[in-house]
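1. next input, structure requested:
(chains A and B)
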2 protein chains.
Amino acid sequence: MTSNFSLDPRVDRERFLQMAEEVAALAADWFDGEPDSPVLARLDGPTLRKRIERDLPRDAGQWDEILDDVRQDIMPGLRRNGNPGFLAYVSASAEPVAALADLLVSALNQNVTAWRSAPAAVEVERQVIGWLGEAIGYTGAAGILVSGGSAANLQGLCLAVARTDAAREQLVVYVSEQTHFSIAKSARVLGIGHVRCLETDSDLRLRGRSVAEAIAADRAAGLVPCCIAASVGTTNSGAIDALDELCEVAASNGVWLHIDGAYGAPALMLERYRSLRSFVARADSISIDPHKWCYAPLDVGCLLTRHAELQLEAFSADADYVRVEQTESIEAFSFFDRGLELSRRFRALKLWMMLRYIGFDRIGERIEEEILLRERFDAAVQSHGELELLASGLSVSCFRYRAGEGEDSDDLNREILESVLESGRFLLSPTRVRGMFALRICVVNFRTDEDRLDELVSSVGVSGVRLRG
Amino acid sequence: MTSNFSLDPRVDRERFLQMAEEVAALAADWFDGEPDSPVLARLDGPTLRKRIERDLPRDAGQWDEILDDVRQDIMPGLRRNGNPGFLAYVSASAEPVAALADLLVSALNQNVTAWRSAPAAVEVERQVIGWLGEAIGYTGAAGILVSGGSAANLQGLCLAVARTDAAREQLVVYVSEQTHFSIAKSARVLGIGHVRCLETDSDLRLRGRSVAEAIAADRAAGLVPCCIAASVGTTNSGAIDALDELCEVAASNGVWLHIDGAYGAPALMLERYRSLRSFVARADSISIDPHKWCYAPLDVGCLLTRHAELQLEAFSADADYVRVEQTESIEAFSFFDRGLELSRRFRALKLWMMLRYIGFDRIGERIEEEILLRERFDAAVQSHGELELLASGLSVSCFRYRAGEGEDSDDLNREILESVLESGRFLLSPTRVRGMFALRICVVNFRTDEDRLDELVSSVGVSGVRLRG
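-> Residues are numbered from 1 along each chain as shown, chains lettered A, B, ... in the order given. You can find the predicted model right below:
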């Protein structure tokens, strides 16, 4: 029997393999170009839009033309997260082997709704979830792969909400002023009445006492404390909240403890953070993003929880056309009853292939290297007479150039940033630390090294001298 | 300057290209295997789990071994959505060219948070959103690509909620008993107080009058009507709700009209549905899933809306570490202020490449073919003495074998389904129509054809005769 290989009659097996070769070469060119290309070309909006805008394509197009357009019109307008000078936000350099796996994911095109629809895909996902939990000391948990930290944090909050019968308006979520904004955004989306944004200590960590006091005050006011969101690695400064204290406060108040480890949780693999694992294990839910510090390409986040039954409480839904008829416990399992998505990409396969090929040890080793790079960077900043370290943790460091008497430090550092970015050798994203404008690096990039970070210190120093005239 | 190609020192450009060739060949084998493989192997849970379970991989693994495991342990346990006999749920056969694009998406690994972080990727996404809107007659709208219909429907409801100041508990959403369950699930997640599940007419369509009456009753009871969810193509029977009437009711009551076109909206490209476009254009928001009837691999859904300002109202969030400093209007644009995700995969590129290569005309042509296949199937069912057509629309058809006097129709048809699936030649998902157990086909599969559908009619007929002895 004949069958169409593609929706397009021009594509048969041979043509497909040839196109694959061309796409792989284009990808390889991109990776090869990392070290010497600008991190992010400086284009203006109207010019770029004009270059990309095209009429709705009614007719079939030419493959070569499309690839040329990708190469000439799109690629030069993209940011290189794998460039050694990319140190902004928390966006990882992507592992090429995992990118190959994503081709297979799309070819197999499993819809990982439930075991009955994608048996092996569900098993692979459960396996990968198990590995992630084991790697960070949150073992035996239920979990689900999602699109990233925002989705994981949202779904973590959904579980916390599902545990209470109180009206949404009465609920209170506790965060610090350093907590990722996706928690407060999720709370708003869910109609949660109150988000207490608490002060941190001098190390920018949320402490138990301030949460305990806020909970007591809210209880007294007739509100319902619902969830404490602790961070393992804040985006801003890599701070790890006081997990020991927060576990205690959560337990003694019967409040859900969610850990946002979207960025930092993979560091729990390391010996140096081993002591935190007993507290992490007590969390009710935890977010971890393999597309951040496990170097997987977007998108793959994960929510782990000790409360499988609440996943069902929060998300279970039924309809005639999706009913699961299986009764054997493995076969009756459905992910769509445990999260927000019904149709779900086979995200697990890329992790499964990548983690087996690279191995967790190599990933942990590189995380350790990146923390050491940050520590070395801190030391360079501290020993540089004109620079000041403002905060640091995990692989994040916030610093600034010291302004002179009467100079505006924020303005000066904004200008320095602008000047450092101008070269295309670096991309940093600025932030604020205790109200001060700060330069910030975040190393989640297996292509950067000591040399590039030394160059950054020197580049900031030189810019400062030049700008101050 | 040297740079690491991969996190793994074994992988350089040459090795990467070789691995890519192997992955592409594996993908091609999968596509080649579509016509003659079973749609879904019948495996039992414990056996499959045992086959897939492995210890956490600490050490680096061997590529050949991993590919062998994918081929031998995983692939045989996957469902073939591109098999000509796959007619279940609404899961598309994936276009191979788009799968190739997904390799590039992961290699480039853009994080499409905002223009300032991924300029060309944002422009490509806006372009693709514009094309989708234009193709279905919802032009000039704002939009965002999401993981699928559930996310699009959830975010559509978020917009409706953002327009009101009323407490969540007071809000009411109107659906029919045929509306996709993701609407009611989203309402529950958002803490919306009431979902009115209304009866449909004899064609399983939601009509204006029942909604108008429910709104009046809710208003009288002091509740706040918030959103009408209309379907363009219900999952169950492909029904299109009475858009003209629902537009009228929504407008005269000042209630948000959301259209769930996750499955059916691409059919609005066709001449035969052109008259619906003026009503679609009046909707406040609409979901459309390119990973369904545009044959893109998972995941890519889309929410379109006429209310760009409410996207910001619902989703805008700020933090020091993500602040957009740009002021020029194109450059200041951010998607994370317009949806739930912060980190976002460059989903648009796979659509951009695929739509330009295949062309919208070819996609529309195939959608038309699949509707014709369904109509032809309906005729075959109706002319078959033992079969009964229960409902149909777009490319969905629900039918059953006629039970004799005193026979239990549901039991008989459940047994027939079981027997038809046994061969591995077909996968149908059952449903219920007006309380009756029904066999159901949904054709979103460019590899199926008249022959396979004729075979299905005959196979159901033969099974019925055999089972009734």
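
2. pull up the distance across stretch A:182-198, start to finish.
-> Using CA to CA, to the nearest Å, the end-to-end distance of stretch A:182-198 comes to 16 Å.

3. taking the stretch 251-400 of chain A, what residue is nearest to chain B?
-> Using CB to the nearest CB, A:Ile330 is the residue of the stretch 251-400 of chain A that sits closest to chain B, at 2.8 Å. Bear in mind the C-beta positions are built from the backbone N, C-alpha and C, glycine included.

4. the stretch 151-300 of chain A: helices as residue ranges?
-> A:181-190, A:208-220, A:243-253, A:277-280, A:290-293 (DSSP state H, counting those that start in this stretch).

5. pick the most buried one from these.
-> Burial of the helices of the stretch 151-300 of chain A is given as mean neighbour count (mean count of other CB atoms under 10 Å in any protein chain shown); helix A:290-293 ranks first at a mean of 29.

6. residue ranges with poor pLDDT in the stretch 351-469 of chain A?
-> Counting by pLDDT under 70, the stretch 351-469 of chain A has no low-confidence residues at all.

7. tell me the buried residues in stretch A:417-434?
-> For stretch A:417-434, burial by neighbour count (16 or more other CB atoms under 10 Å in any protein chain shown) applies to A:417, A:419-421, A:424-433.

8. do you know which of the helices of the stretch 151-300 of chain A lies nearest chain B?
-> helix A:181-190 (4.1 Å).

9. could you give the mean pLDDT of that closest one?
-> Average pLDDT, helix A:181-190: 97.

10. what of stretch A:198-217?
-> 98.

11. isn't A:Val175 up against A:Ala229?
-> Yes: between A:Val175 and A:Ala229 there is a contact at 4.9 Å, judged by CB atoms under 8 Å.

12. tell me which of the two has more neighbours.
-> A:Ala229 (30 against 25; other CB atoms under 10 Å in any protein chain shown).

13. distance of that one relative to chain B?
-> Separation of A:Ala229 from chain B (CB to the nearest CB, to the nearest Å): 14 Å.

14. residue contacts, the residue nearest to A:Ser176 when sequence neighbours are not counted?
-> Among residues not flanking A:Ser176 along the chain, A:Leu206 sits closest, at 3.8 Å (CB to CB, 6 or more residues apart in numbering or on different chains). With contact taken as CB atoms under 8 Å, 6 or more residues apart in numbering or on different chains, A:Leu206 is in contact with A:175-176, A:178-179, A:198, A:200, A:230-231, A:241-242, A:246.

15. ranges for the strands of chain A?
-> Applying DSSP state E to chain A gives strands spanning A:142-146, A:171-176, A:194-198, A:224-231, A:256-260, A:285-288, A:301-305, A:387-393, A:396-401, A:431-433, A:436-442.

16. so what does the shortest one touch, helix or strand wise?
-> Counting contacts by 3 or more CB pairs under 8 Å, 6 or more residues apart in numbering or on different chains; DSSP states H and E, strand A:431-433 packs against strand A:436-442.

17. who does the strand it packs on pair up with?
-> strand A:396-401 (antiparallel), strand A:431-433 (antiparallel) (DSSP bridges).

18. okay, now the closest residue in space to A:Leu412 that isn't next to it in sequence: neighbour count?
-> Spatial nearest neighbour of A:Leu412, excluding adjacent residues (CB to CB, 6+ apart): A:Ala403 at 5.0 Å. When neighbours are defined as other CB under 10 Å, A:Ala403 has 17 of them.

19. so who does A:Ala403 touch?
-> A:409, A:412-413.

20. now do the same contact list for A:Ile358.
-> A:Ile358 neighbours (CB under 8 Å, 6+ apart): A:95, A:97, B:7-8, B:60.

21. if we go to 10 Å?
-> A:Ile358 sits next to A:95, A:97-98, A:294-295, A:366, B:6-8, B:10-11, B:57, B:59-61 when contact means CB atoms under 10 Å, 6 or more residues apart in numbering or on different chains.

22. ok, back up a step: make JSON lines out of the buried residues of stretch A:417-434 and add distance to A:Ile441.
-> Output for the buried residues of stretch A:417-434, formatted as JSON lines (distance: CB to CB, whole Å):
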{"residue": "A:Leu417", "distance to A:Ile441": "12"}
{"residue": "A:Ser419", "distance to A:Ile441": "16"}
{"residue": "A:Val420", "distance to A:Ile441": "11"}
{"residue": "A:Leu421", "distance to A:Ile441": "13"}
{"residue": "A:Gly424", "distance to A:Ile441": "16"}
{"residue": "A:Arg425", "distance to A:Ile441": "13"}
{"residue": "A:Phe426", "distance to A:Ile441": "9"}
{"residue": "A:Leu427", "distance to A:Ile441": "10"}
{"residue": "A:Leu428", "distance to A:Ile441": "6"}
{"residue": "A:Ser429", "distance to A:Ile441": "9"}
{"residue": "A:Pro430", "distance to A:Ile441": "11"}
{"residue": "A:Thr431", "distance to A:Ile441": "11"}
{"residue": "A:Arg432", "distance to A:Ile441": "15"}
{"residue": "A:Val433", "distance to A:Ile441": "13"}
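
23. domains of chain A?
-> A:13-80, A:102-358, A:362-467 (automatic domain parsing).

24. top of the contacts of A:Ala403 by neighbour count?
-> That'd be A:Asn413 among the contacts of A:Ala403, by other CB under 10 Å, with 25 neighbours.

25. ok, it to chain B distance?
-> 13 Å.

26. go ahead and confirm that residue touches A:Met436.
-> Yes: with contact defined as CB atoms under 10 Å, A:Asn413 counts as touching A:Met436 (8.4 Å).

27. quick one: low-confidence ranges for the stretch 51-200 of chain A?
-> Judged by pLDDT under 70, no stretch of the stretch 51-200 of chain A qualifies at all.

28. what touches both of A:Val175 and A:Ala229?
-> A:183-184, A:187, A:195, A:206, A:241, A:258, A:260.

29. hmm, which two among those residues are most spread apart?
-> Greatest spatial distance among these (CB to CB): A:Ala187 and A:Asp241, at 17.5 Å.

30. in stretch A:265-283, what's buried?
-> In stretch A:265-283, counting by 16+ other CB under 10 Å, buried: A:265-269, A:273, A:276-277, A:279-283.

31. redo those residues as TSV? Include distance to B:Thr448 and pLDDT.
-> As requested, the buried residues of stretch A:265-283 are exported to TSV (distance: CB to CB, whole Å; pLDDT from 0 to 100):
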residue	distance to B:Thr448	pLDDT
A:Ala265	44	98
A:Pro266	44	98
A:Ala267	49	98
A:Leu268	48	98
A:Met269	47	98
A:Tyr273	53	98
A:Leu276	53	98
A:Arg277	51	97
A:Phe279	54	98
A:Val280	49	98
A:Ala281	49	98
A:Arg282	52	98
A:Ala283	47	98
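
32. and chain B, which of the residues you listed reach it?
-> Among the buried residues of stretch A:265-283, the residues lying close to chain B (CB under 10 Å from any CB of the partner chain) are A:Met269.

33. please produce JSON lines containing the buried residues of stretch A:265-283, extended by distance to B:Leu355.
-> JSON lines is the format used below for the buried residues of stretch A:265-283 (distance: CB to CB, whole Å):
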{"residue": "A:Ala265", "distance to B:Leu355": "38"}
{"residue": "A:Pro266", "distance to B:Leu355": "36"}
{"residue": "A:Ala267", "distance to B:Leu355": "41"}
{"residue": "A:Leu268", "distance to B:Leu355": "42"}
{"residue": "A:Met269", "distance to B:Leu355": "41"}
{"residue": "A:Tyr273", "distance to B:Leu355": "46"}
{"residue": "A:Leu276", "distance to B:Leu355": "47"}
{"residue": "A:Arg277", "distance to B:Leu355": "47"}
{"residue": "A:Phe279", "distance to B:Leu355": "49"}
{"residue": "A:Val280", "distance to B:Leu355": "44"}
{"residue": "A:Ala281", "distance to B:Leu355": "47"}
{"residue": "A:Arg282", "distance to B:Leu355": "49"}
{"residue": "A:Ala283", "distance to B:Leu355": "43"}
